[in-house]
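Engineer: What shape does this take:
(one chain, ligands or ions: 3)
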Amino acid sequence: MAKSKYEYVKSFEVEDEVMQPNLIIVRIEGCNFERFSDIHDLEKPNDEKALALMNSCAAAVLEEYPDIVFSYGFNDEYSFVFKRKTKFYQRRARYFPRLHVNFNKMMSLIVSFFSSVYATKWKEFFPLKKMKCPLSFLARVVCCASLEVLQAYLAWRQSECHIRNLYNTCLWMLLKSGKSAKEAVEVLEGTQKQEKNELLFQQFGINYRMLPEIFRQGSCIFMTQAEDVVKHDEHGIPIKRMRRKPRMIHNEHIAGRNFWNGQQYLLMELGPFDNEIKKIKAEYVRSFLFENKLMPSTWIVIRIDGCHFHRFSEVHEFEKPNDRQALNLMNSCAVAVLEEFKDIVFSYGVSDEYSFVLSKDSKCYQRQASQIVSVIVSFFSSAYVMKWKDFFPFKELKYPPSFDGRAVCYPSTEILQDYLAWRQVDCHINNQYNTCFWMLVKSGKSKSEAQSYLKGTQTREKNELLIRQFNIDYNTLPIMFLRGSSVFRIKGEDSVMPEDGTFEEVKQEIILSHSNIIEDSFWKEHPSILC
Ligand SMILES: Nc1nc2c(ncn2[C@@H]2O[C@H](COP(=O)(O)OP(=O)(O)OP(=O)(O)O)[C@@H](O)[C@H]2O)c(=O)[nH]1
Ligand SMILES: [Mg+2]
Ligand SMILES: [Mg+2]
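Structural biologist: Ligands and ions are numbered 1, 2, ... in the order given. Alright, predicted model coming up:
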């Protein structure tokens, strides 16, 4: 297909990669989970159903991504460990013989899938409670240079589970017994493990060790081979096949040799733990957290794109080439994203993608790429599932969709505008091609005939084809199909700048439009967007 003069902006898209054979962990944790938990009236300090939902989502991730071999979670967090030689978004680096993994893509897909499964399965676990708002997760990648680092990491997370659970159990018992939040915090300040155990036992008759394992130890889920009856033969004898199945267990020492070396699958994919961990140095493990900060004073664009939406749109019988409701759903999710993330000043969407522009001076998550990408892509995915019924009341969502995300920085407003123009030109080129293609197919041509018919044709020829053969004036098609959609903020009419120089909070409105953003005139009409 034709290329536009804006294509040069692609060169700003640099990939973040991890060199193998590093062991890779993706850790996700609920963003603002306390607020989510309050809104949904979850039980404190642990809600068994919410934990079961987290575990069920993690199991779904393991089934979806066979390269993940082990996972551990507690509370609102989960860590996913990849097998040594993951082929997931792998590519051969140009100058080095090693294999590299594009971990931003990998991380964003996992967090997106997890969030959309969470929203999908919510009603299974809370049939009487409506999910009131999307939940997003922050994700990060941890690279472990050796198995010992992975062992230390797991020991660290499990000790965090224990420390937090003991503290929260005490805190909530004190609160339930009538203490104020301030008083309860004061009682617990500086207390050691032993003292907390005693407090629970003496004041509340609770033996901490008798609390459910899932609260104290967290949950591990990993794959095992299990025999499954697939069908019965004509004599009624069951026919069995080996199948990978996620298995969940609770264990007190997941980083201990006893537990780890006892799991065949883990030994095979990751190897044995040779020694026991003596003391966990959190600082040591934290030093492996990968933090990629985006360049200051540059426009940040987070572009998300539906994963295998070709298949998704087939399965859900989207209209071809454009499904109005599917696009309206994408737009509605974009509006929700702008309502949630105040640093986003503009967004542009077409087909299964959306680009979100964060202001140049944004300090969002200290400009850490993985955090910003994950929180936006997972919020969007969650919103997509939650809003599905509003746009497709008569169509069932057959499986949870996922989106990948990336962050790209643009150093000047002109280049950012060129980026957006590139996306809109792409919208135009694809839409014109797809309109012709599907008209030809609907008129009786095979897909390959339609393809060769259109090969090498220019814009003008395609427009003529549409008029001549199908009596369609391309420019009269719905404007959303022609131009894609922009969602942005403009300052409300009632915004005032008081004369005494004090600023009042400027009321902002979120607008959806299908404007031409390639032309300068759009930006001149809305000078406040990219100021
Ligand atoms: N019928 C129909 N299909 C759509 C619509 N919007 C998007 N799609 C489908 O989604 C695809 C999006 O293109 P891509 O993002 O390049 O392809 P993908 O299948 O999502 O693959 P990856 O993004 O690489 O995972 C299109 O090729 C269409 O098949 C729509 O409104 N109607
Ligand atoms: Mg896609
Ligand atoms: Mg796409």
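Engineer: And the closest residue to ligand 3 within the stretch 51-200 of the chain, how close does it get to E160?
Structural biologist: Closest contact between the stretch 51-200 of the chain and ligand 3, by CB to the ion, is at K105 (13.4 Å). Every C-beta, even on glycine, is put in place using the N, C-alpha and C of the backbone. As judged by CB to CB, to the nearest Å, K105 and E160 stand 28 Å apart.
Engineer: And the average pLDDT for stretch 241-258 is what?
Structural biologist: In this model, stretch 241-258 carries a mean pLDDT of 92.
Engineer: tell me, what residue is most central in this structure?
Structural biologist: The chain has S112 as the residue nearest its centroid, 2.6 Å off, counting by CA atoms, centre = their mean.
Engineer: Now do the strand or helix carrying that one: distance to the chain's middle.
Structural biologist: In this assignment (DSSP states H and E), S112 forms part of helix 103-125. Chain-centre distance of helix 103-125: 6 Å, with CA atoms, centre = their mean, to the nearest Å.
Engineer: what do you get for stretch 229-236?
Structural biologist: Distance, centroid of stretch 229-236 to centroid of chain: 41 Å (CA atoms, centre = their mean).
Engineer: mind listing what's buried in that stretch?
Structural biologist: Within stretch 229-236, no residue counts as buried by 16 or more other CB atoms under 10 Å.
Engineer: Over to stretch 132-152?
Structural biologist: 133-144, 147, 149-152.
Engineer: right, and the helix or strand after the helix holding S112?
Structural biologist: Assigned by DSSP H and E, the successor of helix 103-125 is strand 137-144.
Engineer: what's the closest non-adjacent residue to D47?
Structural biologist: S37 (7.4 Å; CB to CB, 6 or more residues apart in numbering).
Engineer: burial measure for the one you found, as a count.
Structural biologist: Other residues lying near S37 total 18 when counted by other CB atoms under 10 Å.
Engineer: before we move on, back to that, what angle do the helix holding S112 and strand 137-144 make?
Structural biologist: 130 degrees (axes from the mean of the first three to the mean of the last three CA atoms, to 10 degrees).
Engineer: for A326, phi and psi?
Structural biologist: phi -60, psi -40 (degrees, to the nearest 10).
Engineer: residues near the residue lying closest to it once chain neighbours are set aside, how many?
Structural biologist: Computed as CB to CB, 6+ apart, the closest residue to A326 that is not its neighbour in sequence is F318, at 5.1 Å. Number of residues near F318 (other CB under 10 Å) recorded here: 19.
Engineer: next one: the one 3 residues further on
Structural biologist: Neighbours of P321 under the rule other CB under 10 Å: 19.
Engineer: thinking it is in contact with W438, fair?
Structural biologist: Yes: counting by CB atoms under 8 Å, P321 touches W438, with 4.9 Å between them.
Engineer: More neighbours: which of K105 and E160?
Structural biologist: Higher neighbour count among K105 and E160: K105, with 20 against 16, using other CB under 10 Å.
Engineer: Kindly provide the distance from the more buried one to C31.
Structural biologist: 20 Å.
Engineer: Residues contacting stretch 340-349, please?
Structural biologist: Contact with stretch 340-349 is made by 134, 327, 330-331, 334, 337-338, 354-359, 362-364, 375-376, 379, 420, 423-424, 484-489, 517, 529-530, as judged by CB atoms under 8 Å, 6 or more residues apart in numbering.
Engineer: Where do the helices of the stretch 351-500 of the chain begin and end?
Structural biologist: Counting by DSSP state H, counting those that start in this stretch, the stretch 351-500 of the chain has these helices, from start to end: 369-391, 413-442, 447-454, 459-470, 479-483.
Engineer: Would you mind listing the buried residues in the helix holding S112?
Structural biologist: Buried residues in helix 103-125 (16+ other CB under 10 Å): 103-122, 125.
Engineer: cool, and stretch 386-404?
Structural biologist: For stretch 386-404, by 16+ other CB under 10 Å, it's 386-388, 391-392, 397, 400-404.
Engineer: Kindly check the end-to-end length of it for me.
Structural biologist: Start-to-end span of stretch 386-404 (CA to CA, to the nearest Å) is 18 Å.
Engineer: Pull the residues that contact that stretch.
Structural biologist: 60, 105, 108-109, 112-113, 116-117, 119-120, 131, 134, 304-307, 309, 312, 315-317, 325-326, 328-329, 332-333, 336, 352, 377, 380-381, 384-385.
Engineer: And stretch 229-237, by the same measure?
Structural biologist: 238-241.
Engineer: and if you look at stretch 33-47?
Structural biologist: Here stretch 33-47 has contacts from 30, 50, 75-76, 126, 129, 131-133, 135, 165, 168-169, 171-172, 175, 212, 214-215, using CB under 8 Å, 6+ apart.
Engineer: Averaged pLDDT, stretch 181-190. What do you get?
Structural biologist: Mean predicted lDDT for stretch 181-190 stands at 96.
Engineer: Going forward, count from 51.
Structural biologist: Happy to do that; since the first residue is 51 now, the last one works out to stretch 231-240.
Engineer: how about stretch 346-365: buried residues?
Structural biologist: 348-357, 359, 362-363.
Engineer: how near is T463 to L388?
Structural biologist: Counting by CB to CB - T463 and L388 are separated by 19 Å.
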